[in-house]
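1. The amino acid sequence is not available; the structure is as follows:
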């Protein structure tokens, strides 16, 4: 076998590029041979015949005489004669010595060498002399009579003379000045009254940008009588605990459990004003979630609009099914407030009546313990009626010196019946911007109260008022302040940042200062009821809402979407919500209570809406720290735009627009 010859492998070596700088071999032609020739000057009057000569300017610093001012523009031959009076440019300026003496009655004054030296020396101080009439040199103790030169005025007397005594040595004629004599007129002289001193008025009215003065919160010492509960109507509830429709529903529930092989039965029932709760006892080992999974089947078999299942009932070994009554009942407000546990409880002045639970027990809430509340519900769910019952409950237990109210009603018509009450700090607010200012006032009042507590060794408003009662503090009693916002969504849409900041600060710190906030809204969405607001409001009252998401926003859980409306609510004060039927108060009863209070006392507002509008102007203009700098910038540039302010001061669009 022949061996194949192995071919030699060719090695390819990488060639590195050689670094080189390109050079021009020949530079001929790169430079031109022609030299620069300047252009001849052209005059708009004389054309190209103008000489190319730069005439330096002759500057005279101090002695600016007319006859030397234009020397730099004259030809050299014209300067030899020094006959400046013959030039045409001075024919209307130069006055000869003869003309000067003829028209002015005296010779031309020409300073000597000493005076010229003083003028040319800028460092020496100048003596400002009064303007007078020049006279000739006077000797010591010599009096000279000078006649006035006003003969051309026919109606003036020309024979007035005056004398001037000179006690100094003989002085130069240009240093001697005599003031002109007084001129008497034959005409009637006006009488001069006493001078009236008027303060200078600034270009900008200070009142437009000054903060409004606030009145202190004072108490009404007059005798005040609380409204009687006899104003409200009452309605007795049905005493029949086992009507026929209730027994029928028990049978349907038991049959439904048997159909799905769930070991359990109805052990009891609690009939409420609008719903009845059936308590189901399950067998051993039965999962409670089986009952919850049958909610739609219970609703279909009971022919009900909505049912709610509690699995299990808190504190009981049962699973609860809440079913609407076939015959619902109305809970009258008079039935709830006309009770000793409400009227005789003087230790809790902010106790309010809410309604009746399923067990038939009257439910009250203490705003001091809340300490803030969130009320939410859709339209026609009973939200506004609940707000009215809270306000009337406060008016039944508190005098004007014990309680102050700030009512914010963007819908204008809901809280208008409370206008004119002596409990109000300001009239009912319907404007969103004024509402933001009112909330800021509440924040400032909170800080003011905390400083007062620190100065008087008090922890909260209760201890402060107790020290006043015991005589340890010589001041007036500090009232509680309750702020009610009927519709939060409108405020958030118009002034979101100001309202959110004020609500957040109040809900965080205002409890000990005796300031409480109740917020109501019919749009409980996350963009309205944000986490910063909800986290500091532990007490929630939920009426019927549209969806499960809205219920979760309010209660952090389901249940509000299954309510019936018309006062049916879930009151969450702790971990588990309680179902109540809200008390119903009529409009005529609200007006009767307000009229009874108005007849006793007139309102004493701490601030009006005009004060808040003035405060808004102040905060929108002069309160901004950039306002003086922006004002100087706009005046200097003579133009103003949002983009220019943003670039110059590195601020946001909203702030630049406000400035």
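-> Sure thing, it's come through. Bear in mind that the values here come from a model prediction, so they are computed numbers and not experimental data. Numbering: from 1, shown residues only.
2. Could you measure from residue 543 over to residue 310?
-> Separation of residue 543 from residue 310 (C-beta to C-beta, to the nearest Å): 19 Å. Yep, even glycine has a C-beta here, placed from its N, CA and C like the rest.
3. Mind checking which of the two has more residues around it?
-> Neighbours per residue (other C-beta atoms under 10 Å) separate residue 543 from residue 310, with residue 543 holding more: 29 against 21.
4. Surely the more buried one and residue 560 touch.
-> Yes: between residue 543 and residue 560 there is a contact at 7.2 Å, judged by C-beta atoms under 8 Å.
5. Please report how far residue 256 lies from residue 264.
-> Taking C-beta to C-beta, one finds residue 256 at 10 Å from residue 264.
6. same check, this time on residue 516
-> From residue 516 to residue 264 the distance is 44 Å (C-beta to C-beta).
7. Around residue 296, how many other residues sit close by?
-> For residue 296, using other C-beta under 10 Å, the count is 9.
8. What is the subsequent helix or strand relative to the host helix or strand of it?
-> If you go by DSSP states H and E, residue 296 is part of helix 295-302. Next helix or strand after helix 295-302 toward the C-terminus (DSSP H and E): strand 308-310.
9. elements contacting that next one?
-> strand 319-324 (3 or more C-beta pairs under 8 Å, 6 or more residues apart in numbering; DSSP states H and E).
10. Strand partners (parallel or antiparallel) of the strand it packs on?
-> strand 275-282 (antiparallel), strand 308-310 (antiparallel) (DSSP bridges).
11. Compare those strands and give me the one nearest residue 427.
-> Nearest of the strands paired with strand 319-324 to residue 427, taken as C-beta to C-beta: strand 275-282 at 40.1 Å.
12. Next, the buried residues of that closest one.
-> Judged by neighbour count (16 or more other C-beta atoms under 10 Å), strand 275-282 contains these buried residues: 275-280, 282.
13. and what of stretch 481-495?
-> For stretch 481-495, using 16+ other C-beta under 10 Å, the buried residues are 481-492, 495.
14. which of the buried residues of strand 275-282 lies closest to residue 48?
-> Nearest member of the buried residues of strand 275-282 to residue 48, counting by C-beta to C-beta, is residue 275, at 110.7 Å.
15. Contacts only, for the closest one.
-> Residue 275 sits next to 308, 322-325, 358, 564, 568, 579, 581 when contact means C-beta atoms under 8 Å, 6 or more residues apart in numbering.
16. try it again with 10 Å
-> Going by C-beta atoms under 10 Å, 6 or more residues apart in numbering, residue 275 touches 304, 306-308, 321-325, 328, 358, 563-564, 568, 579, 581.
17. That one and residue 497: what is the separation?
-> 42 Å.
18. ok, and the most crowded of the contacts of residue 275?
-> Counting neighbours by other C-beta under 10 Å, residue 321 comes out on top of the contacts of residue 275 with 29 neighbours.
19. if I read this right, residue 562 contacts residue 310, doesn't it?
-> No: using C-beta atoms under 10 Å as the test, residue 562 is too far from residue 310 to be in contact (11.4 Å).
20. hey, what's in contact with both of these two?
-> Residues within reach of residue 562 and of residue 310 at once, by C-beta under 10 Å, 6+ apart, are residue 322.
21. burial of the nearest residue to residue 360 once chain neighbours are set aside, as a residue count?
-> Nearest in space to residue 360, with sequence neighbours left out and distances taken as C-beta to C-beta, 6 or more residues apart in numbering, is residue 272 at 6.8 Å. For residue 272, the count of nearby residues is 24 (other C-beta under 10 Å).
22. what sits against residue 272?
-> 237, 322, 324-325, 328-329, 331, 356-361, 568, 579-581.
23. That one and residue 223: what is the separation?
-> From residue 272 over to residue 223 (counting by C-beta to C-beta), the distance is 42 Å.
24. quick revisit: give the residues shared as contacts by residue 543 and residue 560.
-> Residues touching both residue 543 and residue 560 (C-beta under 10 Å, 6+ apart) are 376-378, 381, 524, 554, 568-570.
25. Take those and keep only those in helices.
-> Counting by DSSP state H, the shared contacts of residue 543 and residue 560 place residue 554 in helices.
26. Just give me the least confident of the shared contacts of residue 543 and residue 560.
-> Ranked by pLDDT, the shared contacts of residue 543 and residue 560 bottom out at residue 524, which has 82.
27. Can you tell me, leaving aside adjacent residues, what's nearest to that residue?
-> residue 376 (3.9 Å).
28. Could you give the number of residues near the one you found?
-> Using other C-beta under 10 Å: residue 376 sits among 27 other residues.
29. and it, bridged to which residues?
-> In this entry, residue 376 is beta-bridged to residue 521, residue 542, by DSSP bridges.
30. Ok, residue 271 next?
-> residue 276.
31. so can I have CSV of the strands paired with strand 319-324 showing distance to residue 338 and mean pLDDT?
-> Below are the strands paired with strand 319-324 laid out as CSV (distance: least, C-beta to C-beta, whole Å; pLDDT from 0 to 100):
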stretch, distance to residue 338, mean pLDDT
strand 275-282, 24, 92
strand 308-310, 30, 89
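32. In CSV: those strands, plus distance to residue 655.
-> Below are the strands paired with strand 319-324 laid out as CSV (distance: least, C-beta to C-beta, whole Å):
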stretch, distance to residue 655
strand 275-282, 52
strand 308-310, 49
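33. for those, which one sits closest to residue 402?
-> Of all those, strand 275-282 comes closest under C-beta to C-beta, at 37.1 Å.
34. buried residues in the very next helix or strand once past that closest one?
-> Beyond strand 275-282 in the direction of the C-terminus, DSSP H and E gives the next helix or strand as helix 289-293. For helix 289-293, burial by neighbour count (16+ other C-beta under 10 Å) applies to 290-291.
35. Against which helices or strands is helix 289-293 packed?
-> Under the contact criterion of 3 or more C-beta pairs under 10 Å, 6 or more residues apart in numbering; DSSP states H and E, helix 289-293 touches helix 244-259, strand 275-282, strand 308-310, strand 319-324.
36. and residue 462, which of the three is it?
-> Judged by DSSP: H, G, I helix; E, B strand; the rest coil, the three-state class of residue 462 is helix.
37. longest helix of this protein?
-> Longest helix in the chain by number of residues, with DSSP H as the criterion: helix 432-455.
38. now for that helix, which elements pack on it?
-> The contact analysis (3+ C-beta pairs under 10 Å, 6+ apart) places helix 432-455 against strand 403-408, helix 461-469, strand 480-485, helix 488-494, helix 496-509, strand 515-521, helix 609-620.
39. So which of those is nearest residue 420?
-> strand 403-408 (11.6 Å).
40. I'd like to know how many residues surround the nearest residue to residue 256 once chain neighbours are set aside.
-> Closest residue to residue 256 apart from its sequence neighbours, by C-beta to C-beta, 6+ apart: residue 301 at 5.2 Å. When neighbours are defined as other C-beta under 10 Å, residue 301 has 15 of them.
41. give me every residue that touches residue 301.
-> By C-beta under 10 Å, 6+ apart, the contact list for residue 301 reads 249, 252-253, 255-256, 259, 294.
42. Out of these, grab the one that's most surrounded.
-> Counting neighbours by other C-beta under 10 Å, residue 249 leads the contacts of residue 301 with 25 neighbours.
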